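Visitor: Below are the sequence and a predicted model; questions follow.
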Amino acid sequence: MGLDSQAGKSRIRAALYIDGFNLYHSVNDLGEPFLKWCNFWKLGESIIPRQSEELVRVVFCTAYYPGDHSKKIRHERLVRALKLVGVETILGHFSKEDAKCRGCGSIWQKPTEKATDINLALSVYDDAVQDVMDTAYLLTADTDQAATAGLFARRFPKKKLVSVSPPGRTHSQHILSHTPHKIALNREHIERALFLGLVTAEGQASVMRPHEYDPPAGYVMWDQRQKPAPKSGAKAPPPAAAIPER
């Protein structure tokens with residue numbers, strides 16, 4: 001089933017595939033750690049045209065960085081929170097490889113991330129084969145994923161691939177050589193999709209936000225902010241009071 005078989009369906013099926021490290025480094029560059037506590041399902045819903053598409057799947061490809069226990073704890077907590085909202089996390093791994101210092105020539109062991117890009121590519125391809133989605137949103141600026149985009153375009157011409165660039169990053173022109181569809185994420189997209197301090201789901205253990213990801217004092221979550229009055233000039237009903245997120 002593809003885009004030509006939607007006559008009897010209400011909305012087109014959309015799926016979001018996230019290059020975890022590509023997104024992490026772009027958000028980290030924003031200099032606001034609290035933006036890392038992000039609900040990727042909600043992020044996906046914010047970028048699709050919801051009048052015509054329905055988000056049915058979100059895949060987050062990442063790996064736990066070795067050697068920094070506190071960072072791993074935060075990462076694991078995010079993965080647990082994401083699971084509560086339906087996001088599937090596919091883990092790669094790190095291996096240590098020899099690296100040479102250009103200055104002194106000494107050799108040291110450098111942790112190198114492995115398998116994330118392969119997991120991302122395989123997830124997109126396998127879901128297309130299984131006909132899980134009609135539109136694939138590929139969140140990465142990694143040029144290596146151009147091969148994924150090219151294969152997707154050749155094997156599934158009735159499906160659509162959308163290039164999604166992380167905040168502050170440009171689209172891979174190599175990916176865009178296989179699709180004309182693109183979306184550029186920015187800080188607002190991330191803010192709109194932040195988790196609350198406590199993530200809950202019926203029948204499952206809740207997940208508390210790491211204190212390192214607490215928003216600054218007085219920060220108001222996006223959904224709690226006052227909305228501007230309608231442009232028509234009609235008097236809008238009084239907005240709910242904006243309460244700082246706790």
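Guide: Cool, got the structure. Residues are numbered from 1 along each chain as shown.
Visitor: use CA for all of it now, contacts and neighbours both
Guide: Fine.
Visitor: Contacts for the longest helix seen in the chain next, please.
Guide: Identified as the longest helix of the chain according to DSSP state H is helix 69-84. For helix 69-84, the external contacting residues (Cα atoms under 8 Å, 6 or more residues apart in numbering) are 37, 39-41, 64-66, 88-89, 199-201, 204, 206-210.
Visitor: Quick one: low-confidence residue ranges for the protein.
Guide: Low-confidence segments of the chain (pLDDT under 70): 1-9, 93-101, 105, 107-114, 229-246.
Visitor: and residue 87, how many neighbours?
Guide: Number of residues near residue 87 (other Cα atoms under 10 Å) recorded here: 21.
Visitor: Which residue comes closest to it once chain neighbours are left out?
Guide: In space, and not counting its chain neighbours, residue 87 is closest to residue 58: 5.1 Å by Cα to Cα, 6 or more residues apart in numbering.
Visitor: Paired strands for the helix or strand encompassing the one you found, with orientation please.
Guide: Secondary structure assignment for residue 58, by DSSP states H and E: strand 53-62. Strand pairing for strand 53-62, determined by DSSP bridges: strand 12-19 (parallel), strand 88-91 (parallel).
Visitor: right, so the ones you listed: which one is the most enclosed?
Guide: Among the strands paired with strand 53-62, ranked by average contacts under mean count of other Cα atoms under 10 Å, first place goes to strand 12-19 (a mean of 24).
Visitor: Show residues contacting the helix or strand just after it.
Guide: Sequence order places helix 20-28 as the next helix or strand after strand 12-19, per DSSP H and E. Outside helix 20-28, the residues that touch it by Cα under 8 Å, 6+ apart are 35-36, 60-62, 116, 139-142, 166-169.
Visitor: For the nearest residue to residue 223 once chain neighbours are set aside, which residues are in contact?
Guide: Nearest residue to residue 223 in three dimensions, chain neighbours excluded: residue 192, at 7.2 Å (Cα to Cα, 6+ apart). Shown in contact with residue 192 (Cα under 8 Å, 6+ apart): 43, 46, 221-223.
Visitor: same question, residue 54
Guide: 11-14, 48.
Visitor: again, only this time at 6 Å
Guide: Residues in contact with residue 54, defined by Cα atoms under 6 Å, 6 or more residues apart in numbering, are 11-14.
Visitor: tally of neighbours for residue 165?
Guide: Residues within reach of residue 165, counting by other Cα under 10 Å, total 23.
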